[in-house]
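Enquirer: predicted coordinates and the sequence they were generated for:
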Amino acid sequence: DEKMKTMSVFYDFLEKNHFITDRVVANKEGKYVTVSEDGYTYILKKWFDAEDCSNSNPRQLILAVENLAEFHKLTENTTGLFQEGGFHPGKNMRKVMERHSAEILRIKNYIKKRKNKNYFEMSLHNIIEEYYQQATDAEQLLEQSDYKEIYEESIANKTINHGCYNYHNILFQNGQVIMVNMLKVNYAPAVQDLYDFLRKVMEKNNWDIPLGKTLLEAYSNIRPLSVREFEVLKAILSYPEKFWKIINYYYNSNKAWYSEKNEDKLKQFRKQEKLRWKFIDNM
């Protein structure tokens with residue numbers, strides 16, 4: 001219930017500043033968490049008869065990224081917002097990259113030792129070193145940037161991140177943007193939200209450079225990105241996150257079953273690689 005009270009204060013703050021969200025609603029006793037007779041806990045949220053954000057609708061994507069920029073402008077410094085409580089620090093990308101790179105290395109060694117490799121494992125065996133190198137290069141880029149300071153500043157200033165800002169959590173009603181599933185909000189640099197949104201949109205749109213440029217411009221027109229933030233964004237986009245996701249899913253699933261889905265995802269990822277790098281180099 002404490003977290004929900006904190007969220008309620010935050011929802012009030014957003015509503016006062018003209019943002020539309022799926023806020024939590026208190027029950028008759030004024031509590032936000034209801035326990036049913038069979039011991040299950042429930043929360044009640046405001047809901048909308050609205051349209052999902054489409055990843056193939058540039059107009060909606062522009063509105064979504066402009067909404068994110070407005071959200072970040074408002075939540076840049078919320079040190080006076082909560083009398084008590086607040087949110088947890090969000091993910092530190094240096095640690096995330098470190099962990100993911102260690103996993104790529106572990107999988108690389110596993111594949112190397114594996115006898116009777118299937119087609120997917122053979123494909124992986126041939127390219128995994130290249131992506132491990134790409135991962136460590138991106139780590140180095142982030143290390144050389146001002147990320148450490150930006151991250152520490154965001155914690156000190158209680159800079160609020162949506163934490164999961166992607167097309168699944170954005171709705172449209174009469175041309176207005178609605179943010180939903182906000183229970184992952186945390187304190188972290190604004191650029192991390194922008195990265196999450198941009199990477200997913202670009203993957204779904206085959207790293208379409210004009211679209212990516214339009215989205216970055218739409219964001220920057222409302223909340224200009226500093227040179228430091230831009231360097232951080234470039235470094236985290238350089239990390240082969242999608243590759244890590246594909247191989248991590250393979251490594252943690254049943255190896256006795258051959259998955260064509262993994263193979264298709266890897267092929268699709270490889271096909272997009274030149275375009276991904278072209279986009280990063282053109283930023």
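Expert: Okay, I see it.
Enquirer: can you report how many residues neighbour residue 147?
Expert: 23 (other C-beta atoms under 10 Å). (Each C-beta comes from the backbone N, C-alpha and C, glycine too.)
Enquirer: and the gap between it and residue 250?
Expert: 29 Å (C-beta to C-beta, to the nearest Å).
Enquirer: go on, residue 195?
Expert: Residue 195 is 24 Å from residue 250, by C-beta to C-beta.
Enquirer: go on, residue 101?
Expert: For residue 101, the distance to residue 250 - C-beta to C-beta - is 17 Å.
Enquirer: just the helices in this protein please.
Expert: Ranges of helices in the chain, per DSSP state H, are 2-16, 58-74, 93-113, 119-144, 147-156, 190-204, 209-222, 227-238, 241-251, 260-282.
Enquirer: so how far is the first one off the chain centroid?
Expert: This means helix 2-16. 22 Å (C-alpha atoms, centre = their mean, to the nearest Å).
Enquirer: how about stretch 187-202?
Expert: When C-alpha coordinates are averaged (C-alpha atoms, centre = their mean), stretch 187-202 and its chain have centres 5 Å apart.
Enquirer: mind listing what residue 127 touches?
Expert: residue 270 (C-beta atoms under 8 Å, 6 or more residues apart in numbering).
Enquirer: my bad, residue 224
Expert: Per C-beta under 8 Å, 6+ apart, neighbours of residue 224: none.
Enquirer: for it, grab phi and psi.
Expert: Backbone geometry at residue 224, expressed as degrees, to the nearest 10, gives phi -60, psi 130.
Enquirer: what's the distance between it and residue 31?
Expert: Residue 224 is 42 Å from residue 31, by C-beta to C-beta.
Enquirer: dump stretch 225-242 to CSV, restricted to CA.
Expert: C-alpha atoms of stretch 225-242 as CSV (Å, rounded to 0.1, in the frame of the first residue of the first chain):
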residue,chain,number,x,y,z
LEU,A,225,19.6,16.8,-25.5
SER,A,226,23.0,17.9,-24.1
VAL,A,227,26.2,16.8,-25.8
ARG,A,228,26.9,14.5,-22.8
GLU,A,229,23.4,12.9,-23.1
PHE,A,230,23.9,12.4,-26.9
GLU,A,231,27.2,10.6,-26.3
VAL,A,232,25.5,8.3,-23.7
LEU,A,233,22.7,7.6,-26.2
LYS,A,234,25.1,6.7,-28.9
ALA,A,235,27.1,4.4,-26.6
ILE,A,236,24.0,2.5,-25.4
LEU,A,237,22.6,2.2,-28.9
SER,A,238,26.0,0.7,-29.9
TYR,A,239,25.5,-2.2,-27.5
PRO,A,240,24.2,-5.3,-29.3
GLU,A,241,21.2,-5.6,-26.9
LYS,A,242,19.0,-7.5,-29.4
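Enquirer: ok, residues contacting that stretch?
Expert: For stretch 225-242, contacts defined as C-beta under 8 Å, 6+ apart pick out 93, 97, 100, 131, 134-135, 137-139, 141-142, 145-147, 149-150, 189-192, 194-195, 198-199, 203, 216, 219, 269, 276, 279-280, 283.
Enquirer: show the buried residues in the residues you listed.
Expert: 93, 97, 100, 131, 134-135, 138-139, 141-142, 145, 147, 150, 189-192, 194-195, 198-199, 203, 216, 219, 269, 276, 279-280 (16 or more other C-beta atoms under 10 Å).
Enquirer: burial check on residue 159, number of neighbours?
Expert: Around residue 159 there are 24 other residues, counting by other C-beta under 10 Å.
Enquirer: now do the contacts for it.
Expert: 72, 75-78, 153, 187-190.
Enquirer: mind putting those into JSON lines with distance to residue 111 and pLDDT?
Expert: As requested, those are exported to JSON lines (distance: C-beta to C-beta, whole Å; pLDDT from 0 to 100):
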{"residue": "72", "distance to residue 111": "40", "pLDDT": "98"}
{"residue": "75", "distance to residue 111": "43", "pLDDT": "97"}
{"residue": "76", "distance to residue 111": "44", "pLDDT": "97"}
{"residue": "77", "distance to residue 111": "47", "pLDDT": "97"}
{"residue": "78", "distance to residue 111": "45", "pLDDT": "96"}
{"residue": "153", "distance to residue 111": "40", "pLDDT": "97"}
{"residue": "187", "distance to residue 111": "38", "pLDDT": "97"}
{"residue": "188", "distance to residue 111": "33", "pLDDT": "98"}
{"residue": "189", "distance to residue 111": "34", "pLDDT": "98"}
{"residue": "190", "distance to residue 111": "38", "pLDDT": "98"}
